[in-house]
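Q: Just a sequence and a predicted model for now, questions to come.
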Number of protein chains: 6
Amino acid sequence: MKNHIAVYPGTFDPITNGHLDIIERSLKLFDRLIIAIAENPVKKPLFTVDERMRMVKESVKKYKNVTVESFDCLLIDYLHKRKAHIIVRGLRVISDFEYEFQMALTNRKLAPDIETVFMMTAEGYAYLSSRFIKEIARLGGRFDCFVPPNVAKMLKEKF
Amino acid sequence: MKNHIAVYPGTFDPITNGHLDIIERSLKLFDRLIIAIAENPVKKPLFTVDERMRMVKESVKKYKNVTVESFDCLLIDYLHKRKAHIIVRGLRVISDFEYEFQMALTNRKLAPDIETVFMMTAEGYAYLSSRFIKEIARLGGRFDCFVPPNVAKMLKEKF
Amino acid sequence: MKNHIAVYPGTFDPITNGHLDIIERSLKLFDRLIIAIAENPVKKPLFTVDERMRMVKESVKKYKNVTVESFDCLLIDYLHKRKAHIIVRGLRVISDFEYEFQMALTNRKLAPDIETVFMMTAEGYAYLSSRFIKEIARLGGRFDCFVPPNVAKMLKEKF
Amino acid sequence: MKNHIAVYPGTFDPITNGHLDIIERSLKLFDRLIIAIAENPVKKPLFTVDERMRMVKESVKKYKNVTVESFDCLLIDYLHKRKAHIIVRGLRVISDFEYEFQMALTNRKLAPDIETVFMMTAEGYAYLSSRFIKEIARLGGRFDCFVPPNVAKMLKEKF
Amino acid sequence: MKNHIAVYPGTFDPITNGHLDIIERSLKLFDRLIIAIAENPVKKPLFTVDERMRMVKESVKKYKNVTVESFDCLLIDYLHKRKAHIIVRGLRVISDFEYEFQMALTNRKLAPDIETVFMMTAEGYAYLSSRFIKEIARLGGRFDCFVPPNVAKMLKEKF
Amino acid sequence: MKNHIAVYPGTFDPITNGHLDIIERSLKLFDRLIIAIAENPVKKPLFTVDERMRMVKESVKKYKNVTVESFDCLLIDYLHKRKAHIIVRGLRVISDFEYEFQMALTNRKLAPDIETVFMMTAEGYAYLSSRFIKEIARLGGRFDCFVPPNVAKMLKEKF
């Protein structure tokens, strides 16, 4: 029987209930899941890598077989370092699809041993995006229903 | 360690090199793969179920851990009967995505224990469709580059 | 104050919970709603016009200001006859959008006084389609969660 | 009979003939329309809020039942303050659709009493975007055919 | 200087003002244009090949350097027979794009010497489709604004 | 016989194998091709105009009938200056399509004498984008397979 390590990469700025949905679904399919936080200085995240590490770890501590790490290199190089060969990505909408399609084919060209699998986010989270949540927070709206409680607390402190 | 049985359903009328690409990729991810041929009388397939069983079995005989079956019930009922909980689907283009999205969410509503995972077809097969291949065959064009040799032979006999 | 009559056209073969969601939303916006069942012999509906009239009337009897009619002419001619100038359509996914876009612009060309407005179906119904429900029913699956009880009963009798 | 107040929100940087088309169409459907200019400092608009207020007011002064306001809070909070429950949005192309879809579902989650309705921009304006108009203006091109005369004048003064 | 023969294939059932728009645009780019009517018995056209030959010839008689032919083989085989190496296709909407994309890549695989070029239909015709026009005609609506006069006459005779 | 000058505009930051594929295909259709590098200070290119001029010239020196120029005005004004009336654009994916559609229709409104033609990038390059290549280079990945050798060398010097 194979031992499948899957990597779920993202900026997680912040992690949302939609991300947690994909994490739960992935754990039904793969033996071990590494959540890989892209440091991503180009996107100028609202939360520092340390804050994101902390919020993700807190949010997933109830799941077994999950580890949380950060990386600042090419995703496929990170997978090779971890001896993982599966990338997990959530699909919500068409525009996701196109970007993900380009990413997956570029990665496949550079690392044919690595496979990207896509999973559908639960219908209730299909419209969720970290960007909208930050915008809602900035304008003083309610966001408790979109993120886990520990993240809601950190978001409140930022604004 | 879990024992993951995945089901790759389709009409396979006929099976193409694009299907075979998805089959090969799935075998890197899951311990066992069942190729489930939908009898699908509504679509009025060119090949009978028996012909499709024969052509698929011949096309995948080089792979280990693959079995080929046909089914004429709801896909999720078929999975339950086989004690499988993973559906594999290939994504090529946007219009696939929408149809697959609707199917996956409908299935999830009816059977929350079953998960659909999507994989990208290799770029060289992204444009391939069984429908185009049959149209090319009907009009006397070349189709050897799109299907395995045993299928090419069966297609030639049909037209 | 204006008196706005809106028309919600469709084949309703059968009417689903997604249609009912759009009907409820429309009633918050317009003073009166006519549900217009297209006889649509080209599509070869599963239910006759009479059956569809009966099932829709039963399904919407709890709403005020709603009437149910059938029509077998050009939609815009039907609206002119009813002195209505608003068409309501539900949007679920991209492929809907394109078809609806073409329809709306064609109708606008033929009848510039008539306006089409689009509403988003509730997220829980975004994947619902009459076609999938009929397919599920044909294959012996559960469909009670997708249609109102009276329609579920009529579907069971058909298969 | 209900008294329907609809809100047409946007950055209007600048207002285009496409926006005016949606405004005219909305007035056929709703009793009163509030054009709500998002202050939107994140997008770094070319025109200040005051300039946009002035240009929109001038552009719509021929219409009755229209008021122009600016807002710097969450859109749904603004609607609640105005006791309005309808958001009007124009749809031009697919990419609009996806963004609007996410926005509408997020807003519905936060404020279920508010409904978003979509209208198709006239075919002649489907390709118009404020962003393209600014780019054309920056490069010294003609833009008189895309915006009302008072906006054309203000654009000329900017570049 | 090269002598470029382009082929504009289609079912033309019937030819519309949108098709004529693409024909006019093509003539600005290529030295000679062959309009190639696909006999297409699978689609069960409303008009016979002879009728379509007649209606297209009549509709394009004002253009120089245009010939009209029918074909019942693979499109690329037809181009080879005519020593042409350019296929012209009109793009209106996204769903066109996907189908055309698949067709173009399939054709390129089979005949790398043939290139497909796409042109945008004029905005006023973007929503036009032969299918809608036939549906409008069937239901007794006006269609004179969508087709040339000789086609309108033939459509009237059919219904 | 007409003398067709086509213009292939872009930022080319950097030029990729996908661009070269479109250039080769265009040369089969048009008598002369001008590659027009948009100076595009808004996008803050990685390479200066001079560097891009140099890298594009080097990359296309094997082709006849190709010239390379830069421009900093409206594209259609540039074409008028060069007495060219054809714009060539490559299509890869849906999101391209929408942007290109809007651009082409805006340009057509401003300059009806200019026609935009679209060509499909070879399947092997459909996922390629200058933006991804720069991201890969920034993160220390391999990019030799995506760009011509002279561009690979310049990219290495940048990072």
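A: Yep, it's here. Residues are numbered from 1 along each chain as shown, chains lettered A, B, ... in the order given.

Q: What segments of chain A are helices?
A: Assigned by DSSP state H, chain A shows helices spanning A:17-29, A:49-60, A:75-81, A:94-110, A:130-138, A:149-158.

Q: Restricting to C-alpha, output the shortest one in PDB.
A: Output of helix A:75-81 as PDB, limited to C-alpha atoms (Å, rounded to 0.1, in the frame of the first residue of the first chain):
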ATOM      1  CA  LEU A  75       6.400  25.000  -5.000                       C
ATOM      2  CA  ILE A  76       7.700  21.900  -6.900                       C
ATOM      3  CA  ASP A  77      11.200  22.300  -5.300                       C
ATOM      4  CA  TYR A  78       9.400  22.400  -1.900                       C
ATOM      5  CA  LEU A  79       7.600  19.200  -2.800                       C
ATOM      6  CA  HIS A  80      10.800  17.400  -3.900                       C
ATOM      7  CA  LYS A  81      12.400  18.400  -0.600                       C
END
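
Q: I'd like to know which elements it is packed against.
A: If contacts are counted by 3 or more C-beta pairs under 8 Å, 6 or more residues apart in numbering or on different chains; DSSP states H and E, helix A:75-81 sits against strand A:5-10, strand A:32-38, helix A:94-110. For every residue, glycine as well, the C-beta is placed using N, CA and C.

Q: Direction included, what does the first one pair up with?
A: If you go by DSSP bridges, strand A:5-10 pairs up with strand A:32-38 (parallel), strand A:86-91 (parallel).

Q: how many degrees apart are it and helix A:94-110 in direction?
A: In terms of direction (axes from the mean of the first three to the mean of the last three C-alpha atoms, to 10 degrees), strand A:5-10 departs from helix A:94-110 by 130 degrees.

Q: So for residue A:102, what's the pLDDT?
A: Residue A:102 carries a pLDDT score of 79 in this model.

Q: I figured it hits residue F:130, correct?
A: No - Residue A:102 is beyond contact range of residue F:130, at 11.9 Å (criterion: C-beta atoms under 8 Å).

Q: among the helices of chain A, which gets the worst mean confidence?
A: With a mean of 76, helix A:94-110 has the lowest mean pLDDT of those.

Q: What is that one packed up against?
A: Right, helix A:94-110 is packed against helix A:75-81, strand A:86-91, strand A:115-120, helix B:94-110, strand B:115-120, helix D:94-110, helix F:94-110, helix F:130-138 by 3+ C-beta pairs under 8 Å, 6+ apart.

Q: what would those look like in JSON lines with mean neighbour count?
A: As requested, those are arranged in JSON lines below (neighbours: other C-beta atoms under 10 Å in any protein chain shown):
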{"stretch": "helix A:75-81", "mean neighbour count": "19"}
{"stretch": "strand A:86-91", "mean neighbour count": "22"}
{"stretch": "strand A:115-120", "mean neighbour count": "22"}
{"stretch": "helix B:94-110", "mean neighbour count": "20"}
{"stretch": "strand B:115-120", "mean neighbour count": "22"}
{"stretch": "helix D:94-110", "mean neighbour count": "20"}
{"stretch": "helix F:94-110", "mean neighbour count": "20"}
{"stretch": "helix F:130-138", "mean neighbour count": "18"}
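
Q: Need the ones you listed in CSV (columns: distance to residue B:65).
A: Output for those, formatted as CSV (distance: least, C-beta to C-beta, whole Å):
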stretch, distance to residue B:65
helix A:75-81, 24
strand A:86-91, 17
strand A:115-120, 16
helix B:94-110, 24
strand B:115-120, 17
helix D:94-110, 39
helix F:94-110, 36
helix F:130-138, 35
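
Q: For residue D:53, which of those is the nearest?
A: For residue D:53, the closest of the helices and strands packed on helix A:94-110 is helix D:94-110, at 22.9 Å, according to C-beta to C-beta.

Q: pull the CA atoms of the closest one into PDB?
A: Output in PDB follows, covering the C-alpha atoms of helix D:94-110 (Å, rounded to 0.1, in the frame of the first residue of the first chain):
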ATOM      1  CA  ILE D  94     -18.100  36.500 -18.200                       C
ATOM      2  CA  SER D  95     -15.400  37.900 -15.900                       C
ATOM      3  CA  ASP D  96     -17.900  40.400 -14.600                       C
ATOM      4  CA  PHE D  97     -20.200  37.600 -13.900                       C
ATOM      5  CA  GLU D  98     -17.800  35.700 -11.700                       C
ATOM      6  CA  TYR D  99     -16.800  38.700  -9.600                       C
ATOM      7  CA  GLU D 100     -20.400  39.800  -9.300                       C
ATOM      8  CA  PHE D 101     -21.500  36.300  -8.400                       C
ATOM      9  CA  GLN D 102     -19.000  36.100  -5.500                       C
ATOM     10  CA  MET D 103     -20.000  39.700  -4.400                       C
ATOM     11  CA  ALA D 104     -23.700  38.900  -4.500                       C
ATOM     12  CA  LEU D 105     -23.400  35.700  -2.600                       C
ATOM     13  CA  THR D 106     -21.200  37.300   0.100                       C
ATOM     14  CA  ASN D 107     -23.700  40.100   0.500                       C
ATOM     15  CA  ARG D 108     -26.600  37.700   0.700                       C
ATOM     16  CA  LYS D 109     -24.900  35.800   3.400                       C
ATOM     17  CA  LEU D 110     -24.300  39.000   5.400                       C
END
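
Q: now the angle from it to strand D:115-120?
A: Counting by the same axes, to 10 degrees, helix D:94-110 lies at 170 degrees to strand D:115-120.

Q: what's the closest of the helices and strands packed on helix A:94-110 to residue E:143?
A: Counting by C-beta to C-beta, residue E:143 lies closest to helix F:94-110 out of the helices and strands packed on helix A:94-110; the figure is 24.8 Å.

Q: Also compute the angle for that closest one relative to helix E:17-27, please.
A: Going by the same axes, to 10 degrees, helix F:94-110 makes 80 degrees with helix E:17-27.

Q: Please state the offset of helix F:94-110 from the chain centre?
A: Here helix F:94-110 is found 16 Å from its chain centre; the criterion is C-alpha atoms, centre = their mean, to the nearest Å.

Q: and the gap between residue A:79 and residue A:36?
A: Residue A:79 sits 8 Å away from residue A:36, going by C-beta to C-beta, to the nearest Å.

Q: Identify the contacts common to the two.
A: Here residue A:79 and residue A:36 have residue A:7 as joint contacts, going by C-beta atoms under 8 Å, 6 or more residues apart in numbering or on different chains.

Q: Can you confirm whether stretch A:138-150 lies near chain C?
A: No - using C-beta under 8 Å from any C-beta of the partner chain, stretch A:138-150 stays clear of chain C, coming no nearer than 13.0 Å.

Q: Just the residues contacting that stretch, thanks.
A: A:14-17, A:20, A:55, A:58-59, A:128, A:133, A:136-137, A:152, A:155, A:159, D:42, D:72-74, D:76-77, D:109-110.

Q: Which single residue of chain A ends up nearest chain B?
A: Residue nearest to chain B within chain A: residue A:118 (4.0 Å; C-beta to the nearest C-beta).

Q: re earlier: dump the helices of chain A to a markdown table, plus distance to residue C:89.
A: A markdown table is the format used below for those (distance: least, C-beta to C-beta, whole Å):
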| stretch | distance to residue C:89 |
| --- | --- |
| helix A:17-29 | 28 |
| helix A:49-60 | 39 |
| helix A:75-81 | 41 |
| helix A:94-110 | 19 |
| helix A:130-138 | 25 |
| helix A:149-158 | 37 |
